[in-house]
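A.B. asks: fold the following.
(chains A and B, ligands or ions: 3)
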Amino acid sequence: MLEIAIKGSKKYWIWLTILLVIMTVGVAAYIDQFINGLMTTGLSRDVSWGFYIANFTYLVGVAAGGVMVVIPFYLHDYEKFHRITILGEFLAIAALVMCLLLVVVDVGQPVRLLNLFLYPSPQSVLFYDVLVLNGYLGLNIIIGWKVLEAERNQVRPPAWTYPLIYLSIPFAIGIHTVTAYLYCGLPGRGFWLTAILAPRFLASAFAAGPSVLILLCYVVRKFTKFDPGWEAMQTLSKIVCYALIANVFFFLCEIFVVYYSNIPGHVSHIQYLFFGLHGYNSMVPWMWTSIILMLIGIALLIIPWLRNNEFLLPFTCVMIIIGTWIDKSLGMIAGGFVPSPLHHVTEYAPTIKEVMITLGIYALGLIILTILYKLATTVKEEVRG
Amino acid sequence: MMKKSRRSFLKVAAVSAIGIGAAPAISLSSSSNSQSTSNAVKSKNHEAKTAKRWGMVINCTKISDEVAENIVEACHKNHNVPDFNHEVNTEKYPNTRPVNHKQEVKWIWEEHFKYAFPDKEDEFLADKYKNLPFLVLCNHCKSAPCVKACPTQATFKREDGIVIMDFHRCIGCRFCMAACPFGSRSFNFRDPRPFIEETNPDFPTRSKGVVEKCNLCAERLAKGEQPYCVEASEGAIVVGDLEDPDSDIRALLNENYTIRRKQTLGTEPSVYYIM
Ligand code: SF4
Ligand code: SF4
Ligand code: SF4
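C.D. replies: Ligands and ions are numbered 1, 2, ... in the order given. Model (predicted):
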């Protein structure tokens, strides 16, 4: 099947070349970081995780969001999703590769990463996170590949793929739950120390993932002869709508508990994010932007004639993607680490190099996504034509 | 299980020591596993100070700014902790980039009361406490979140209660830093060596990309010596066995009202403060 990937139009190659250039810039920045250490980042003693882990968290959500097409199709026989399940699975693959790379660039001693497996530590949540992420990646590669191959040969996928597909559902929930547990089991971090964190992560993932998928459907429609189907996209937009409402609702629950109980160790973080603390307020405009974008997103999706507007929907999705990204990546990291456990306020902003490395990883993710989507759409065109 | 993995760590440490020449790392770790080490090390261990659970008492009333500074300097100098204010020898280390002081490394340092004990902040706190230098360091928590978090067991708890690190195993994921509720840990964002004025050959220097923190001077206790901070404290700091009812440290705890940092979190810090 891979031969499809090397037969492409001029546009296809120009696009891949652009991505390759961005990736190379990222690699160059990473070489500098590899040699000189994480001093090249804006991280500090107080804010010890930053842009990499923030984007990691977000992309785990995007990967998990793919399950929102798998569940309706495989569990509820929702036929409309037949054409896009493969898009969801391939999106998950690209997102997971980016996740794993973001972890690699984040660690101080990447050459020792194998220690994770040489000295498995079952009491560390990170251990489980590595397991579920790799497991989910493996599952999606096998499932995506086998299902697409079967489609090309116009047969049913082999029977043994079905248990794997069903298994991939708890794995999808699992990757994001365990990623939330990384944060919410730590005693000294009031912002993260809340049982609502995993549900909130899932809700925002099920809004962000399908939003990305809707955008990708538009791209696929524009650049290939394959049509994912407007009805499927509309169903997705409803899923986004309810997930987003759940996310905002969970957030408001958190706000109530924090402010009504008024426990300083919990209040101070949210205070910093939304109003600033001791004169430090670089996060304030971001957080309000995020809230406003998510609220507008809900309004645009809940009102049927706005939701059904084919022209408006991609803009709505972009707003939701930006809103949830700020909420879950920037907000999650800055809110967790500021103020520090000793209640000092050390602000964080990524350096250009950090952003370049991250963009390089996004570029690689897009390369993988482009190739996988090319495979999927070409096969689907072939089968129909 | 634990013993076994310690032993395999010894092998790893030995192998890496051959490569890096960091022999002190071996003698450091040997104290945790005397059975499997050579006789030479064993004989040293006869004088070793041992305890069921090491603890520390800091008498805050006895610590002036000057004493506090001496303590911090004694610890940091002897443990090759980099000082970002140190002027870099540009001949030896050309092209050293400017430092970011937010990325500093510290094992023990001074804080004001409201930062050392943020949950005990009080607007009517007596002035005499407000400006005292409170020394903060790793608490060697009995139930240590950093140990739980570490995905490689590079941070581990010895049987005597000391929470210690294997610098050769740490992958630099910094999960332990997120987990520690006391900000006791530092990450080497860069190679620390240009910022060490005079390297103490008896203690390993660290490489970039690993985490470090106070080790309760395990290397000193193994030789039967007192921690550097205790020596420099003019009697204000005492270490001893918390589990031994006849120890000096227990006598101090009996006689004085002491507090610990963030007790409500249940990490059971082993460092006590006499107010
Ligand atoms: S103070 Fe922090 S670093 Fe030290 S043992 Fe406790 S949790 Fe670990
Ligand atoms: S940074 Fe090192 S010591 Fe800390 S959790 Fe990661 S591997 Fe363990
Ligand atoms: S016990 Fe040793 S390592 Fe810890 S602060 Fe004191 S001198 Fe430093």
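A.B. asks: for the chain, give me the ranges with low pLDDT.
C.D. replies: Looking at chain A here, since you left the chain open. Counting by pLDDT under 70, the ranges of chain A that qualify are A:385.
A.B. asks: meant chain B, my bad for not saying
C.D. replies: Within chain B, the stretches falling below the threshold (pLDDT under 70) are B:1-45.
A.B. asks: helices along that one, start to end?
C.D. replies: Remark: helices assigned in chain B by DSSP state H are B:2-20, B:24-30, B:39-45, B:65-78, B:113-116, B:127-130, B:145-149, B:175-179, B:218-221, B:228-232, B:248-255.
A.B. asks: what comes into contact with the last one?
C.D. replies: Pointing back at helix B:248-255 there. Contact with helix B:248-255 is made by B:55-57, B:59, B:238-242, B:244, B:258, B:272, B:274, as judged by CB atoms under 8 Å, 6 or more residues apart in numbering or on different chains. Quick note: C-beta positions are derived from backbone N, CA and C, even for glycine.
A.B. asks: which one among the residues you listed gets closest to residue B:159?
C.D. replies: Closest approach to residue B:159 among these (CB to CB): residue B:241, at 12.5 Å.
A.B. asks: hmm, the closest one is touching residue B:56, no?
C.D. replies: No - with contact defined as CB atoms under 8 Å, residue B:241 does not reach residue B:56; the gap is 11.2 Å.
A.B. asks: okay, these two: which has more neighbours?
C.D. replies: The neighbour count for residue B:241 versus residue B:56, taken as other CB atoms under 10 Å in any protein chain shown, is higher for residue B:56 (25 against 20).
A.B. asks: center of chain B, which residue is that?
C.D. replies: residue B:214 (0.9 Å; CA atoms, centre = their mean).
A.B. asks: next, that residue: phi, psi?
C.D. replies: phi -60, psi 130 (degrees, to the nearest 10).
A.B. asks: hang on, it packs against residue B:137?
C.D. replies: Yes - under the criterion of CB under 8 Å, residue B:214 makes contact with residue B:137 at 4.5 Å.
A.B. asks: what touches both of these two?
C.D. replies: Joint contacts of residue B:214 and residue B:137 (CB under 8 Å, 6+ apart) are B:107, B:108, B:184.
A.B. asks: residue B:72 reaches residue B:108, doesn't it?
C.D. replies: Yes - look at residue B:72 against residue B:108 with CB under 8 Å: they come within range, at 5.6 Å.
A.B. asks: which neighbours do the two share?
C.D. replies: Shared contacts of residue B:72 and residue B:108 (CB under 8 Å, 6+ apart): residue B:135.
A.B. asks: between these two, point out the one with more neighbours.
C.D. replies: Comparing residue B:72 with residue B:108 by other CB under 10 Å, the one with more neighbours is residue B:108, at 25 against 21.
A.B. asks: so who does the closest residue to residue B:263 other than its chain neighbours touch?
C.D. replies: Among residues not flanking residue B:263 along the chain, residue B:269 sits closest, at 7.3 Å (CB to CB, 6 or more residues apart in numbering or on different chains). By CB under 8 Å, 6+ apart, the contact set of residue B:269 is B:139, B:140, B:141, B:142, B:182, B:260, B:261, B:262, B:263.
A.B. asks: out of those residues, which is nearest to chain A?
C.D. replies: residue B:182 (5.9 Å; CB to the nearest CB).
A.B. asks: for the strand or helix carrying residue A:217, which helices and strands make contact with it?
C.D. replies: Element membership of residue A:217 [criterion: DSSP states H and E] is helix A:197-223. Contact here means 3 or more CB pairs under 8 Å, 6 or more residues apart in numbering or on different chains; DSSP states H and E; on that basis helix A:197-223 packs against helix A:51-65, helix A:67-70, helix A:85-106, helix A:161-184, helix A:230-261, helix A:313-325, helix A:352-384.
A.B. asks: okay, the angle between the fourth one and helix A:51-65?
C.D. replies: Angle between the axes of helix A:161-184 and helix A:51-65 is 150 degrees (criterion: axes from the mean of the first three to the mean of the last three CA atoms, to 10 degrees).
A.B. asks: near the residue lying closest to residue A:27 once chain neighbours are set aside, how many residues? Count them for me, please.
C.D. replies: Using CB to CB, 6+ apart and skipping the chain neighbours, the partner closest in space to residue A:27 is residue A:360 (6.0 Å). Residues contacting residue A:360 under the criterion other CB under 10 Å number 23.
A.B. asks: is it true that residue A:360 touches residue A:31?
C.D. replies: No - with contact defined as CB under 8 Å, residue A:360 does not count as touching residue A:31 (10.9 Å).
A.B. asks: now do stretch A:309-320: distance to the chain's middle.
C.D. replies: Taking CA atoms, centre = their mean, to the nearest Å, one finds stretch A:309-320 lying 18 Å from the centre of the chain it belongs to.
A.B. asks: then stretch B:268-275?
C.D. replies: Chain-centre distance of stretch B:268-275: 15 Å, with CA atoms, centre = their mean.
A.B. asks: quick one: is that stretch near ligand 3?
C.D. replies: No - counting by CB under 6 Å from any ligand atom, ligand 3 has no neighbours in stretch B:268-275; the shortest distance is 9.4 Å.
A.B. asks: what comes up buried for that stretch?
C.D. replies: B:269, B:270, B:271, B:272, B:273, B:274 (16 or more other CB atoms under 10 Å in any protein chain shown).
A.B. asks: let me see the contact set for the second one.
C.D. replies: Residue B:270 makes contacts with B:53, B:54, B:55, B:56, B:139, B:140, B:141, B:142, B:161, B:242, as judged by CB under 8 Å, 6+ apart.
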